[in-house]
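Peer 1: Please find the sequence and the predicted model below.
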Amino acid sequence: MPKEEELDELNIHAVRYRPEELAKLTRTTKFTRKEIQLIYRGFKQECPTGMVDEDSFKHIFSQFFPQGDASQYAHYVFNTIKHNHTGKISFEDFLGILSKVSRGSVQEKLQWIFGLYDQNGDGLVTKTEMLEVVSSIYDMLGRNTTPMVVENTAKDHVERIFHLIDTNQDGVVTIDELVEWCSRDEQILQSLETLDTVL
């Protein structure tokens, strides 16, 4: 994160966003000072103003998944990051979610995943919401994946697991049902530890 001279550079340009102090960010995230500095340098390189809007976020995200179309999945991820209704994400917002997703507890990771699928924020995930997110993941991975992703794969995947998660069979998944389902599967728990999971 910001060295003193980098903060001074940000302060020279009044239109630029000023990030929080490094000491505060080390207290509020699970990153060290050095890690925050490295993350900040990368963030600043991609977002020189210190803020990123959804289109820029999609562009950055797509660079990590050049074999597919990451724009819809990036939209869902962008919406999970707190941006105070400004339509833009600050460095602190980005760092906070990165901290939870990469270093958070299993509960924090599951809450983030649930928020990703709960697109309308009503505390319930419908089969349609799940299918839209899973489809966006398959689009992001592209047709060059092994095994190859075919048109009905996302729908088949959702059909196969939705009823397993929806234990009371009421047609929606709650956070409690998601946590219960994930806690019964050692592979899912391990993948949450390594962030190698796609529900």
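Peer 2: Received the coordinates, thanks.

Peer 1: What residue spans form the domains of the chain?
Peer 2: 22-104, 106-198 (the TED database).

Peer 1: tell me the secondary structure for G123?
Peer 2: coil (DSSP: H, G, I helix; E, B strand; the rest coil).

Peer 1: so it touches V173, yeah?
Peer 2: No. With contacts counted by C-beta atoms under 8 Å, G123 stays clear of V173, the gap being 10.2 Å. Just so you know, the C-beta spots here come from the backbone N, C-alpha and C atoms, and that holds for glycine as well.

Peer 1: Between the two, tell me which one has more neighbours.
Peer 2: V173 (27 against 11; other C-beta atoms under 10 Å).

Peer 1: Bridge partners for that one, pull those for me.
Peer 2: V125 (DSSP bridges).

Peer 1: Could you verify my assumption that it touches M130?
Peer 2: Yes. Using C-beta under 8 Å, V173 is in contact with M130, at 7.3 Å.

Peer 1: Next, work out how far apart the residue nearest to the spatial centre of the chain and L116 are.
Peer 2: The chain has V77 as the residue nearest its centroid, 4.4 Å off, counting by C-alpha atoms, centre = their mean. According to C-beta to C-beta, to the nearest Å, V77 and L116 sit 7 Å apart.
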